[in-house]
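quick check, what structure comes out for this input:
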Amino acid sequence: MALDTRKKREESVRAIFSHISSRYTLANKWMTWGQDEKWRQHVLDLARLPMDGSLLDIGTGTGDLAITATQMGRKLLAVGADFSPEMMRTGRQREGGGQIRWLVANALELPFANDSFDAVVSGYLLRNTVDVDRALAEQYRVLKWDGRMVCLDTSPPPGDAWHLPVRLYLKYAIPLIGGMISGDKKAYRYLAESTQSFFTTEQLKARMVRVGFEDVGVQRFMSGAMAILWGHKKSSGT
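Modelled structure (predicted):
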């Protein structure tokens, strides 16, 4: 992707999320029938954080994953990083938001040293990056040896007749529900369209392996429209 085109897309995505920041969490709850909280909890379970570990929630948005992690009875260093200050401003005002270290950062150029975090997690980040391979490589770089990366994201449902209902839901219901709650139907039309054009889970798994992750796994939800993927940064002795 040409640099100018990539920059324009990045700015466009940032503007979308900045505009819907105040209603983002509520819209997610309604669009997923309340399942998003369960999926995020599963992300954190798969991360296998130590009791006093360090967590990076990249593309944190309003801090769903980071805040949930701090409420699990662990003494964590939880960092929430995002390129949208407006999203994080909303997150700071949420219950538990004061426990998070918030940081404006680009997922393609993380401002952390190598081997910094016990776990790196994300929710709906990769589909919105302009360079998925670089984003994955950055997450691998800042992850400690023996640490885990776990991501929750949308996934294009299969094109067969069996999955037609979920494809129709993405195309028509998501923009309608998201638009009614946020006041921005265009933003949620982008969500549906970007999901359909995103990598399949098998393609994403291959990219994770390419940057170095091992024991890569996937679990699908919502008839294939949502997926959690995870990988392990193994040390040579593991």
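
can you pull out the strands in the protein?
Assigned by DSSP state E, the chain shows strands spanning 54-58, 77-82, 101-104, 117-123, 143-154, 214-221, 226-233.

mind listing what's buried along the third one?
Buried residues in strand 101-104, counted by 16 or more other C-beta atoms under 10 Å: Trp102, Leu103. The C-beta positions use only the backbone N, C-alpha and C, and glycine is treated the same way.

which strands and helices sit next to it?
strand 77-82, helix 85-92 (3 or more C-beta pairs under 8 Å, 6 or more residues apart in numbering; DSSP states H and E).

which strands and helices lie in contact with the shortest one?
Packed against strand 77-82 by the contact rule (3+ C-beta pairs under 8 Å, 6+ apart) you find strand 54-58, helix 64-70, helix 85-92, strand 101-104.

now distance to Met149 and mean pLDDT too, for the ones you listed, in a markdown table please.
Formatted as a markdown table, the helices and strands packed on strand 77-82 follow (distance: least, C-beta to C-beta, whole Å; pLDDT from 0 to 100):
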| stretch | distance to Met149 | mean pLDDT |
| --- | --- | --- |
| strand 54-58 | 9 | 97 |
| helix 64-70 | 12 | 94 |
| helix 85-92 | 21 | 90 |
| strand 101-104 | 18 | 96 |
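
buried deepest among these, which one?
Counting by mean count of other C-beta atoms under 10 Å, strand 54-58 has the highest mean neighbour count of the helices and strands packed on strand 77-82, with a mean of 26.

can you name the residues that contact the nearest residue to Ala107 once chain neighbours are set aside?
In space, Ala107 comes closest to Ala135 once its chain neighbours are excluded; the distance is 4.7 Å by C-beta to C-beta, 6 or more residues apart in numbering. For Ala135, the contact set (C-beta atoms under 8 Å, 6 or more residues apart in numbering) comprises Ala107, Leu108, Leu125, Leu126, Thr129.

swap in Asp215?
Taking C-beta under 8 Å, 6+ apart, we find Asp215 in contact with Trp230, Gly231, His232, Lys234.

do the same with Asp82
Ile58, Gly59, Thr60, Gly61, Met88, Val104, Ala105.

backbone dihedrals for the second one, both of them.
Comment: the main-chain dihedrals of Gly59 come out as phi 70, psi 40, following degrees, to the nearest 10.

unless I'm mixing things up, it is touching Asn128, no?
Yes: using C-beta atoms under 8 Å, Gly59 makes contact with Asn128 at a distance of 7.1 Å.

neighbour count: the two, which is higher?
Set side by side, Gly59 and Asn128 show more neighbours around Gly59, with 27 against 24, by other C-beta atoms under 10 Å.

how much space between the more buried one and Arg220?
20 Å (C-beta to C-beta, to the nearest Å).

equivalent analysis for Asn114, please.
For Asn114, the distance to Arg220 equals 32 Å [C-beta to C-beta].

buried stuff in stretch 44-57?
Burial within stretch 44-57, assessed by neighbour count using 16+ other C-beta under 10 Å, is assigned to Leu44, Leu46, Ala47, Leu49, Gly53, Ser54, Leu55, Leu56, Asp57.
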